[in-house]
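S.K.: just to be clear, the model below is a prediction. Sequence and coordinates:
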Amino acid sequence: MASSAKFSERKREEAEMDMTPMLDVTFIMLIFFIVTASFVKESGVTIERPDADTGTKQQRAAILVGIDAGGGIHVNNDQIDIRAVGATIEKMLAENPQGTVVIQADKRAKSGDVIVVMNQIREAGAEGVAIATAVE
């Protein structure tokens, strides 16, 4: 009887599958995809961009500033006052010095608002400032 108990015990051990390596590989793949995925950033406002035939795609836009048709300014889904743009961008550039700033202005936005925002961004120390257009 003792030998049959050992046999059934050994049979149970052989029948079980160790899931730890598979879970480890799955977890590592999940981390890899999360780290390498490029997330689409939005400025927090729905805008209708103007068309431009000569526009070029920006590879990485770290800071997005949205200007809606009514003159509202949005940075990272937060609406801010037009006078606070410079301080907000300066703080964001301190966190990410290589960051470029892209202004996403609605085509019905006042050009004066766009210029004021652009000046404040440059005074905050941004090297690269671009205006988003509807170019594909």
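M.R.: Yep, it's here. Residues are numbered from 1 along each chain as shown.

S.K.: relative to Arg122, how far out is Val65?
M.R.: For Val65, the distance to Arg122 equals 12 Å [Cβ to Cβ, to the nearest Å]. Just so you know, the C-beta spots here come from the backbone N, C-alpha and C atoms, and that holds for glycine as well.

S.K.: between the two, which is the more surrounded one?
M.R.: Val65 (31 against 14; other Cβ atoms under 10 Å).

S.K.: what bridges to the more buried one?
M.R.: Taking DSSP bridges, one finds Val75, Ile103 as the beta-bridge partners of Val65.

S.K.: do you know how far it is from Asn76?
M.R.: Shown here: Val65 relative to Asn76, a distance of 9 Å by Cβ to Cβ.

S.K.: residue ranges with poor pLDDT in the chain?
M.R.: The chain contains residues with pLDDT under 70 at 1-15, 37-62, 134-136.

S.K.: could you chop the protein up by domain?
M.R.: Listed by automatic domain parsing, the domain ranges of the chain are 2-36, 63-131.

S.K.: let me know which of the ones you listed is tucked in deepest.
M.R.: For those, the largest average neighbour count (mean count of other Cβ atoms under 10 Å) is found in domain 63-131, namely a mean of 17.
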